[in-house]
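> Return atomic coordinates for the entry below.
(chains A and B)
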2 protein chains.
Amino acid sequence: MTSKSDTIATTSNEKLVIAIDAMGGDHGPRVTVPGVAQALKREAGTHNLHFLLHGDEAQIRPELERHPELKAVATIVHTDQSIAMDEKPAQAIRRKGTSLFNAITSVKTKEARAIVSAGNTGALMAMSRMILKMVAEDLERPAIACGWPNSGGMGTVLDVGANVTSDAHQLIEFAIMGAAFHRAVRGVQNPKIGILNVGSEDVKGHEEVREAHRLLREGGFGLNYYGFVEGDDLFSGKVDVVVTDGFTGNIALKTAEGAARFIKSLLRDAFKSSPFAMFGALLASSALKVMAKRVDPGASNGGPLLGLKGIVIKSHGGAEAWAFSNAVSVAVSLAASSYEDDIKTALAHLSEAMPPVPDPASATGKHKVVAPEAGLAVEGTKVS
Amino acid sequence: MTSKSDTIATTSNEKLVIAIDAMGGDHGPRVTVPGVAQALKREAGTHNLHFLLHGDEAQIRPELERHPELKAVATIVHTDQSIAMDEKPAQAIRRKGTSLFNAITSVKTKEARAIVSAGNTGALMAMSRMILKMVAEDLERPAIACGWPNSGGMGTVLDVGANVTSDAHQLIEFAIMGAAFHRAVRGVQNPKIGILNVGSEDVKGHEEVREAHRLLREGGFGLNYYGFVEGDDLFSGKVDVVVTDGFTGNIALKTAEGAARFIKSLLRDAFKSSPFAMFGALLASSALKVMAKRVDPGASNGGPLLGLKGIVIKSHGGAEAWAFSNAVSVAVSLAASSYEDDIKTALAHLSEAMPPVPDPASATGKHKVVAPEAGLAVEGTKVS
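Numbering: from 1, shown residues only, chains lettered A, B, ... in the order given. Sure thing, here's the model as predicted:
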């Protein structure tokens, strides 16, 4: 199906341009350029890709020389300004002409269909909001979605860190955007949606989740709504998309990461504890490597900032080339799909059926967030 | 130090009576009686213990005959009524004379110093509140604390499921009760306290956590306050006690449990994937068993319901005898300590310094919970 707006799904012949903040992340062009090259190899069969590499030509050029296939479809957009990983977002957004600023602007001007950055999350978030604007008036800041390995493959969880609290209307917006994202990137036509809660019965939880649950069960908004899910369902694969406020989502994500690291260190200790165990680990090592890949955060790298008028993908700051290439693939999948039209239509329907509360900070039951960037959980750190 | 109130810390000669809901849990006396016997063996050197076994004498007696050491210090308090695991709390609390009702009442009448039940959490919570009452007027329902394995040993996390939202005052009450619990049960004199948040800077998070953070940093309330911690710090051992609202705490707990189960199943698949890996797992099996014990929920079994005028310990419903014995040991440690006096004094200081908001449901920024048991996340399921 091809829509008629300016965000139509591409066909395989149409040129699909992706903007890259080549200077972002802990390693800059040394990782971003080979990462884009890997993504190109993976995606070239399906899409006619072109890349705008924003950043310092003197650093990008030598990396590009090592990847002739990429060189053939890439344009360097030179700037000698970039944003430090620890730079304050408020300061960073005032500096026009940085690689990040230029990369986001190229989406605004429609030179590119999506932008990928491994840079400072706070700056990426603030600058994207400033340049691209939000798609819905009650969304204060974008929701960050992340891939979450589960027993069915890979799920989507949002918000994992942008919005500290969310009312029912915002949770439904997350559900709409999360479903469209999951469909575009994971290829599931009608993804099952769950709202994260402390129990599955209708009476469980606070007003916001119960209201969103009621509305989704009644109205549906075209979604395949399953109902409430609990923390362990993040891994069970019972639903494809888990919706929650950014406070809970961020804590769940970091708890899961902490659990994985803790178990890994216990496992390492166990294997070191005796010669038998060490030899056992050696025999099982290739199987263990396959397993490690399954829970490697790099596999799910590429967290979209949802709710912006434009596709913005955040990569882990410390991502290596393979992980960065996965973030680029997420951008390609989203940009090549009807994702933007899907959410535009669905959000318009929601807005008609249920107009948003004009000032979310004064909405019933909401926590107040005083400092403008107070909600930003992932500033300058990895997203997923 | 011995206090003069009726909740003094016991000396080793003083008789310490623990009430047991022998009928609670998935297995009843078949597990509770041997569990108490194991706890007695562990604790008898330090304490002069006596047990009131509430329940059906015909079922308890034959189990007791197998444990002569326990038989010598146990009294069966017969009743033929008990509460089903799936019975609605509202219905259960109306039935006087059940084993759970009698067990809690024996704490109220001071026949026993603590009560342990593996029964229906909702009924335990509602009945404890009804019979024993809360220690502070703004506490609507008890907070559930749980043991959490971390790289330093075993931490304490609360609330993991009773209160859906908590204002700053309640979070500080949790900090006070959590610290007193950790001191009594884990033997750490001055446990480090952290508040769970989405970042460590003062501006991060919503109003409730920032207000509690500010007050704890300024006032201290006699606590060793560290500051904000994040989800992965639940495992890092950076602090001993992590304080959060029941919604977030319950989701973090279930996320961690889900992560552990998911990794375990991946590990099982990895070991089954080739003959080499299978042989490797066999060689490493004893080391892996040691590791599994470390993250076995049974090791941290025994979640206290904090904030009641009396010591109430919830065991997993599905606990086996060893896990149940750990819950009994938690009850013994708490009952033998100055825990109750500690929190009474500390909460009185808090109340002077900062009077609680009379109606918590109308407090700024709070989610509204309409249904009376809506917040009860763990009704009829395991606590930790």
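> And chain A, split by domain according to the record?
Using automatic domain parsing, the domains assigned to chain A come out as A:1-135+A:308-348, A:261-289.
> And whatever helix or strand residue A:289 lives in, what's buried?
Here residue A:289 sits within helix A:285-295, counting by DSSP states H and E. Residues A:287-288, A:291, A:295 are the ones in helix A:285-295 that count as buried (16 or more other C-beta atoms under 10 Å in any protein chain shown). From N, CA and C alone the C-beta is placed, and that goes for glycine too.
> And stretch A:257-277, by the same measure?
Result for stretch A:257-277 [16+ other C-beta under 10 Å]: buried residues A:257-260, A:262-263, A:266-267, A:270-271, A:273, A:276-277.
> contacts with chain B among those, please.
A:257-260, A:262-263, A:266-267, A:270-271, A:273, A:276-277 (C-beta under 8 Å from any C-beta of the partner chain).
> Buried deepest among the domains of chain A, which one?
Stretch with highest mean neighbour count among the domains of chain A: domain A:1-135+A:308-348 (a mean of 21; mean count of other C-beta atoms under 10 Å in any protein chain shown).
> at contact distance from chain B, anything in it?
No. Domain A:1-135+A:308-348 lies out of reach of chain B by C-beta under 8 Å from any C-beta, never closer than 10.5 Å.
> Distance from that domain to the middle of the chain?
Its chain's C-alpha centre and that of domain A:1-135+A:308-348 lie 13 Å apart, by C-alpha atoms, centre = their mean, to the nearest Å.
> so what's the nearest residue to residue A:192 once chain neighbours are set aside up against?
Setting aside the residues directly before and after it, residue A:192 is nearest to residue A:239 in space (C-beta to C-beta, 6 or more residues apart in numbering or on different chains), at 4.3 Å. Going by C-beta atoms under 8 Å, 6 or more residues apart in numbering or on different chains, residue A:239 touches A:155, A:191-194, A:226, A:229, A:233.
> Can you read off the pLDDT for residue A:239?
Here, the pLDDT recorded for residue A:239 equals 97.
> and the most centrally placed residue in chain A, what are its phi and psi?
Against the mean C-alpha coordinate of chain A, by C-alpha atoms, centre = their mean, the closest residue is residue A:303 at 1.6 Å. Dihedral angles phi and psi of residue A:303 (degrees, to the nearest 10) take the values phi -100, psi 120.
> which residues in the stretch 251-384 of chain A form helices?
A:275-283, A:285-295, A:321-336, A:339-353 (DSSP state H, counting those that start in this stretch).
> Distance to residue B:112 and mean pLDDT added to those, as TSV?
What follows is these, written out as TSV (distance: least, C-beta to C-beta, whole Å; pLDDT from 0 to 100):
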stretch	distance to residue B:112	mean pLDDT
helix A:275-283	45	81
helix A:285-295	46	77
helix A:321-336	57	95
helix A:339-353	56	83
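> is it possible to export the ones you listed to TSV including distance to residue B:180?
Shown next, in TSV, are those (distance: least, C-beta to C-beta, whole Å):
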stretch	distance to residue B:180
helix A:275-283	40
helix A:285-295	37
helix A:321-336	45
helix A:339-353	48
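> Of those, which is nearest residue B:52?
Nearest of the helices of the stretch 251-384 of chain A to residue B:52, taken as C-beta to C-beta: helix A:275-283 at 45.4 Å.
> now the closest one: how far from the chain's centre is it?
For helix A:275-283, the separation from the chain centroid amounts to 39 Å (computed by C-alpha atoms, centre = their mean).
> so it versus helix A:285-295, what angle?
Interaxial angle, helix A:275-283 versus helix A:285-295 (axes from the mean of the first three to the mean of the last three C-alpha atoms, to 10 degrees): 70 degrees.
> Run through the residues that contact residue A:166.
Counted by C-beta under 8 Å, 6+ apart, residue A:166 has contacts A:159, A:174, A:208, A:245-246.
> Residue A:151 now?
A:235-237, B:262, B:265.
> May I ask which two of the ones next to chain B among the buried residues of stretch A:257-277 are separated the most?
A:257 and A:276, at 30.8 Å, using C-beta to C-beta across those.
> so where do the strands sit in chain A?
A:15-21, A:48-55, A:74-78, A:114-117, A:143-150, A:153-158, A:192-196, A:224-229, A:241-243, A:303-306, A:311-314 (DSSP state E).
> hmm, the fifth one touching chain B?
Yes. Strand A:143-150 lies in contact with chain B when judged by C-beta under 8 Å from any C-beta; the contacting residues are A:149-150.
> In its sheet, which strands sit next to that strand, and in what direction?
strand A:153-158 (antiparallel), strand A:303-306 (antiparallel) (DSSP bridges).
> And for the fourth one?
Partner strands and pairing direction for strand A:114-117 (DSSP bridges) are strand A:15-21 (parallel), strand A:311-314 (parallel).
> go on, the third one?
The strands that strand A:74-78 pairs with in its sheet are strand A:48-55 (parallel) (by DSSP bridges).
> Thanks a lot, see you next time.
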